[in-house]
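Student: Give the three-dimensional model of this entry:
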Amino acid sequence: MRILYSPEFARRYKKLSIEVQKKTEDKEIVFRNNPFDSRLNTHKLHGNLSDFWAFSVDQRYRIIFAFAERGVAKFYAIGDHSLYNKT
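Tutor: Got it, this is the predicted structure:
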């Protein structure tokens with residue numbers, strides 16, 4: 001799976017602690033191999049975000065993404081649950 005990163009995702013990622021960045025990198029490896037791996041808790045979003053999916057980095061942080069085309073996903077944002085209200 002190839003991953004594209006939005007500018008917003010990159011900005012938010014840089015503001016994370018080193019510990020959370022490392023967890024994110026670990027989960028990205030899992031995602032690349034299987035975006036629906038049970039360790040990610042991947043789920044479809046609803047309402048205003050119904051075109052997007054999310055998966056868990058840990059109990060607090062999530063990544064919002066969309067499948068762009070076969071074998072390609074775009075990461076749009078990373079953050080806690082308040083992220084769903086801002087994106």
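
Student: any idea of the mean pLDDT in the host helix or strand of residue 68?
Tutor: Secondary-structure assignment from DSSP states H and E places residue 68 in strand 62-69. For strand 62-69, the mean pLDDT works out to 95.

Student: Quick one: residues in contact with it.
Tutor: 4, 9, 24, 27, 35, 45, 49, 51-57, 73-81, 83-84, 87 (CB atoms under 8 Å, 6 or more residues apart in numbering). Using the backbone N, CA and C atoms, a C-beta is placed for each residue, glycine as well.

Student: I'd like to know how far residue 36 sits from residue 30.
Tutor: 10 Å (CB to CB, to the nearest Å).

Student: The two: which is more packed in?
Tutor: residue 30 (14 against 11; other CB atoms under 10 Å).

Student: who's in contact with that one?
Tutor: 37, 39-40.

Student: after the host helix or strand of it, next one along is what?
Tutor: Assigned by DSSP H and E, residue 30 belongs to helix 18-33. Next helix or strand after helix 18-33 toward the C-terminus (DSSP H and E): strand 43-44.

Student: Now that following strand: average pLDDT?
Tutor: Here the average pLDDT along strand 43-44 is 96.

Student: List the contacts of it.
Tutor: Here strand 43-44 has contacts from 50, 52-55, using CB under 8 Å, 6+ apart.

Student: Look up which residues are beta-bridged to the residue sitting nearest the centre point of the chain.
Tutor: Nearest residue to the geometric centre of the chain (CA atoms, centre = their mean): residue 63, 2.1 Å. According to DSSP bridges, the partner residues bridging residue 63 are residue 55, residue 78.

Student: How much space separates it from residue 25?
Tutor: 12 Å.

Student: Which of the contacts of residue 30 has the largest number of neighbours?
Tutor: residue 40 (20 neighbours).

Student: list the contacts for that residue?
Tutor: 27, 30-31, 55-56.

Student: okay if I get the residues you listed as a markdown table plus pLDDT?
Tutor: Output for the contacts of residue 40, formatted as a markdown table (pLDDT from 0 to 100):
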| residue | pLDDT |
| --- | --- |
| 27 | 98 |
| 30 | 98 |
| 31 | 98 |
| 55 | 97 |
| 56 | 96 |
